[in-house]
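In: structure for the following, please:
(2 chains)
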Amino acid sequence: MESRVLKPILGVYVAAFLLFLYGPFVVLTIISFQQGPEGGPQFPIIEWSTYWYKHIFGLTPPSRIAPLPVGEALFRSLVLAFMTMVTSTVLGVMAAQAFRKRFKGASFVFYLIVLGMMVPGVLTGLGTSLLANNIIGIERHWYTTAFATHVAYTFPFAFLVMLAILNRFDASVEEAAWSLGVSPWMTFRKITFPLIFPGVLSAMLFAFTLSLDEFPRTLFASGRDQTLPLAIYGTFSVEIHPNIFAFGVLTTLFSFALLSVYGILMALSVRRAKKMAMQEDIV
Amino acid sequence: MSDATASVPRKDNTTRWLLLPGIIWMALFLVTPILMIVYVSFWTQTTFNISSDPTLASWKQFFSSDTYIGSLWTTIRIWLIVLATTFIVGYPTALFVGLLVKSKTLSTVLLVICVIPFWTSFLIRVLAWRPMLGKEGAINIILLKVGIIQQPIEVLLFTELSVIIGMTQIYCVFMVGPIAFMLARIDRNIIEAARDLGAGFGRIFWKIIFPLSLPGVVVGAIFVSVMVLGEFATSGALSGRKVNLLGNIIVTQVGSLKWAMASVVGVILTVVMGIVIAGFLRIVDLKREL
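Out: Next up is the predicted model:
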């Protein structure tokens, strides 16, 4: 009846929505193939070329346009994202594991952790810088102060992901292990962890991607050496060239690769779990 | 079976030790920095330095300046508008993805498609709106070609409108996700029953679907609010420095080493944020919805 009319209308609406969502990315991709070095970041395309891609890797003859200062920044960002990923996933798994039991003040601790994703980055960045400058008296670096703010942001995500996984977790297998006299730590390593591993992977993915692209938290807290988003931000104030768009296309492809790795790991872990279940059936 | 936990000898300390590292981290690197902002907002600012002598000077300066007060109102206005636009743009999409699409695979695929743009760096996504909205941008070119307009629209870029368009596109997915999630959880039998009893779609929507999707709307609204209220990059890049949000003021103040003033604005932003989130959390219990 109505839904027969409604569904096609909403279908068209969703198509328009996706166009809105993808429009900028399409334009960005088109302009990244602008002719260089004269062509600017706007239409019309003077001539199709891969000049700006070569420009990123320093493969073009020197021109008045400086290459993007992304080399070292990319390295720093990857290291920072990795450190953040490991720390926040460990913290997240531990905290979520604790939440499986009822305890006093659970609600308070829950909101304390979740607060990390609610406070705007510009505030944590500002506060941490003030603290480092005026109270502790240390220099700000991407691997100290910025790292601290990044984990304070990604830890809540890891925690919530793990909480959602452990909520659906069947505790009877653990209880079986305990009643057989296996130590709690061994039970966690051999039983719980393999079972929650897909969740751990998701938590890691969340933490890594959030940290890699994190900008406001890093702006004040990272000090002299820039991370990738800061290097990109640096081009805001100066003139924009299509090389930034070419770089955007490349990073997107990189994310695709990263997600494919995640997908493969996920599929492998699911398959292994299935295999184990089948072996148990045979035994 | 269910008493098995009781028979297992486990020290009660485990919970404490599992929680302690996380709590310490958040206390040191989240709560202390915010308290620090409050503290520094009362410090004395000289041209290039700050000292810890308490003063209300920065606060007085904030409340006597039209620029600062204006940025507070701009922030609240932009936040309300973007909240509305993300909801208007996002709800029908969520309705389609979460409720109307029958196949689970298709709705998952649609959600993944919505998330893919996030794999491009946030700042580059913001920048991409410039060649989109400019005088010779994609939108103007298309509209001119189709013949809807004769003159290029110039208000599209470097205005408040461009900030709103940019933010809507960047944040609308945070609205779609939670709403679609809640809609997918609705028991289809309830809708069937209502239909069998003769209720039209409009009535079913307002009496059943919308109320049940409300927690999703609130969670989405929290996400969008948190991000929009703390924004400064989109407004900086797309408004040509015409739209100054509280975040922009903080960045400029820090840039000129006015830490005390930046802290005052930070406290104001914290208070606004606190009121908004507390308001939303009154409507829905976040912990229970998980």
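In: quick one: contacts for B:Gly236?
Out: Neighbouring residues of B:Gly236 by CB atoms under 8 Å, 6 or more residues apart in numbering or on different chains: A:Phe236, B:Asn248, B:Val251. The C-beta positions use only the backbone N, C-alpha and C, and glycine is treated the same way.
In: how close does B:Trp206 sit to A:Phe208?
Out: B:Trp206 sits 42 Å away from A:Phe208, going by CB to CB, to the nearest Å.
In: quick one, which of the two is more surrounded?
Out: Between B:Trp206 and A:Phe208, A:Phe208 has the larger neighbour count (other CB atoms under 10 Å in any protein chain shown), namely 21 against 11.
In: A:Met83 is in contact with the more buried one, correct?
Out: No: taking contacts as CB atoms under 8 Å, A:Phe208 lies outside contact range of A:Met83: 10.1 Å.
In: which residues do these two both contact?
Out: By CB under 8 Å, 6+ apart, no residue touches both A:Phe208 and A:Met83.
In: show me what residue of the stretch 1-150 of chain B gets nearest to chain A.
Out: Closest to chain A within the stretch 1-150 of chain B is B:Pro33: 2.5 Å, counting by CB to the nearest CB.
In: secondary structure class for the nearest residue to B:Leu257 once chain neighbours are set aside?
Out: Distances taken as CB to CB, 6 or more residues apart in numbering or on different chains place B:Phe48 nearest to B:Leu257, at 6.0 Å, with adjacent residues excluded. Secondary structure assignment for B:Phe48 (DSSP: H, G, I helix; E, B strand; the rest coil): coil.
In: wait, B:Phe48 sits on B:Trp259?
Out: No: B:Phe48 is beyond contact range of B:Trp259, at 10.5 Å (criterion: CB under 8 Å).
In: near chain A, which residues of the stretch 101-250 of chain B?
Out: B:110, B:113-114, B:117-125, B:127-132, B:134, B:136-138, B:141, B:169, B:172-173, B:200-202, B:222, B:226-227, B:229-230, B:232-233, B:236-237, B:247, B:250 (CB under 8 Å from any CB of the partner chain).
In: can we see that at 7 Å?
Out: B:113-114, B:117, B:119-125, B:127-132, B:134, B:136-138, B:141, B:169, B:200-201, B:226, B:229-230, B:232-233, B:236-237, B:247, B:250 (CB under 7 Å from any CB of the partner chain).
In: now list the buried members of the residues you listed.
Out: Neighbour counting by 16 or more other CB atoms under 10 Å in any protein chain shown classes B:114, B:117, B:119-125, B:127-132, B:134, B:137-138, B:169, B:201, B:226, B:229-230, B:232-233, B:236-237, B:247, B:250 among these as buried.
In: show me those that map onto helices.
Out: B:114, B:122-125, B:127, B:130-132, B:138, B:169, B:201, B:226, B:229, B:233, B:236-237, B:247, B:250 (DSSP state H).
In: next, format the contacts of B:Gly236 as CSV and append neighbour count and distance to A:Val173.
Out: Output for these, formatted as CSV (neighbours: other CB atoms under 10 Å in any protein chain shown; distance: CB to CB, whole Å):
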residue, neighbour count, distance to A:Val173
A:Phe236, 14, 53
B:Asn248, 22, 53
B:Val251, 22, 51
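In: could you dump those residues into TSV with distance to B:Val89 and pLDDT added?
Out: Output for the contacts of B:Gly236, formatted as TSV (distance: CB to CB, whole Å; pLDDT from 0 to 100):
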residue	distance to B:Val89	pLDDT
A:Phe236	26	74
B:Asn248	25	94
B:Val251	28	93
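In: hmm, back to that, so what's the residue lying closest to the residue of the stretch 1-150 of chain B closest to chain A once chain neighbours are set aside up against?
Out: Spatial nearest neighbour of B:Pro33, excluding adjacent residues (CB to CB, 6+ apart): A:Gly127 at 2.5 Å. A:Gly127 is in contact with B:Pro33, B:Ile34, B:Met36, B:Ile37, counting by CB atoms under 7 Å, 6 or more residues apart in numbering or on different chains.
In: any idea how chain A splits into domains?
Out: What automatic domain parsing lists as the domains of chain A is A:1-67+A:239-283, A:71-236.
In: show me where the stretch 151-283 of chain A has its helices.
Out: Ranges of helices within the stretch 151-283 of chain A are A:172-179, A:184-187, A:193-212, A:216-221, A:228-237, A:242-282, based on DSSP state H, counting those that start in this stretch.
In: where does the prediction get shaky in the chain?
Out: This is for chain A. A:1-3, A:280-283 (pLDDT under 70).
In: the intended chain is chain B.
Out: Confidence mapping of chain B against pLDDT under 70 gives the ranges B:1-12, B:286-290.
In: what about the strands in it?
Out: When assigned using DSSP state E, the strands of chain B occupy the ranges B:44-45, B:50-51.
In: and those, which is most packed in?
Out: Highest mean neighbour count among the strands of chain B (mean count of other CB atoms under 10 Å in any protein chain shown): strand B:44-45, with a mean of 18.
In: partners of it in the sheet?
Out: Sheet pairing for strand B:44-45, assigned by DSSP bridges, gives strand B:50-51 (antiparallel).
In: skip the chain neighbours and tell me the closest residue to the closest residue to chain A within the stretch 151-290 of chain B.
Out: Relative to chain A, the nearest point of the stretch 151-290 of chain B is B:Gly230 (2.3 Å; CB to the nearest CB). Among residues not flanking B:Gly230 along the chain, A:Pro120 sits closest, at 2.3 Å (CB to CB, 6+ apart).
In: who's in contact with the one you found?
Out: A:Pro216, B:Val226, B:Leu229, B:Gly230, B:Leu269, B:Met273.
In: A:Ile56 too?
Out: Contacts of A:Ile56 (CB under 7 Å, 6+ apart): A:Pro67, A:Leu68, A:Asn243, A:Ala246, A:Phe247.
In: again, but for A:Phe215
Out: If you count contacts by CB under 7 Å, 6+ apart, A:Phe215 has them with A:Pro229, A:Tyr233, B:Phe122, B:Leu123, B:Ala233.
In: what backbone torsions are found at it?
Out: The phi/psi pair for A:Phe215 (degrees, to the nearest 10) reads phi -110, psi -60.
In: roughly how far apart are it and B:Gly255?
Out: 15 Å.
In: and A:Gly127, by the same measure?
Out: Here A:Gly127 is placed at a distance of 17 Å from B:Gly255 (CB to CB).
In: how about A:Leu18: what's its closest non-neighbour residue?
Out: Using CB to CB, 6+ apart, the closest residue to A:Leu18 is B:Ile113 (6.5 Å).
In: and for B:Thr120?
Out: Residue nearest to B:Thr120 in three dimensions, not counting chain neighbours: A:Thr252, with 4.6 Å by CB to CB, 6+ apart.
In: where do the helices sit along the stretch 151-290 of chain B?
Out: Under the criterion DSSP H, counting those that start in this stretch, the stretch 151-290 of chain B carries helices at the ranges B:160-184, B:188-196, B:201-204, B:210-229, B:233-238, B:246-255, B:259-283, B:286-289.
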